[in-house]
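Student: Structural data only, the sequence is not supplied:
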């Protein structure tokens, strides 16, 4: 019986730790996935996708001319539901990014809905 209680306690502790870390790192994970997606599009010269997610021509030209994107968060998630909204800095330029989030507790790949340089 004691062994069962110890195993149960460890199991509950691991689940609680996982959920807490997922909650605390949600924003970083979403932005990391977005940065990875943008850099992949830039590296593979996927200009059609860059044009599709850019809200205006200024943003599209900015993204198209960059070699590598580094996203720095300026706010936490301001969105709701499955759409996340962040104010970000990309190479010392302010911007906003909308991300489709496909997860609640178990992280999956997020996809960029739109991006705009301000």
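Tutor: Received it, and whenever you're ready, just let me know what you need. Quick caveat, the model's predicted, so the values are computed rather than measured.

Student: How far away from the center of its chain is stretch 6-25?
Tutor: Stretch 6-25 has its C-alpha centroid displaced from the chain centroid by 23 Å (C-alpha atoms, centre = their mean, to the nearest Å).

Student: quick one: average pLDDT of it?
Tutor: Mean per-residue pLDDT for stretch 6-25: 88.

Student: buried ones in that stretch?
Tutor: The neighbour-count check on stretch 6-25 (16 or more other C-beta atoms under 10 Å) flags nothing as buried. Heads up, the C-betas are built off the backbone N, CA and C, glycines and all.

Student: hang on, isn't residue 71 packed against residue 30?
Tutor: No: taking C-beta atoms under 8 Å as the definition, residue 71 is not a contact partner of residue 30, at 10.0 Å.

Student: more neighbours, those two?
Tutor: For residue 71 versus residue 30, neighbours defined as other C-beta atoms under 10 Å are more numerous around residue 30 (24 against 20).

Student: which residue packs closest to that one, ignoring adjacent ones?
Tutor: Spatially, and ignoring its direct neighbours in sequence, residue 30 is nearest to residue 110 (4.9 Å; C-beta to C-beta, 6 or more residues apart in numbering).

Student: Do a quick rundown of the strands in this protein.
Tutor: When secondary structure is read from DSSP state E, the chain shows strands at 71-73, 83-90, 93-100, 111-117.

Student: Make CSV out of those and add distance to residue 7.
Tutor: Supplementary listing: the strands of the chain in CSV, determined by distance: least, C-beta to C-beta, whole Å:
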stretch, distance to residue 7
strand 71-73, 39
strand 83-90, 37
strand 93-100, 38
strand 111-117, 39
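
Student: and residue 62, how many neighbours?
Tutor: For residue 62, the tally of surrounding residues (other C-beta under 10 Å) stands at 20.

Student: With residue 90 instead?
Tutor: 20.

Student: Surely the residue nearest to residue 30 and residue 34 touch.
Tutor: Yes: applying C-beta under 8 Å as the test, residue 110 and residue 34 come out as touching, 6.5 Å apart.
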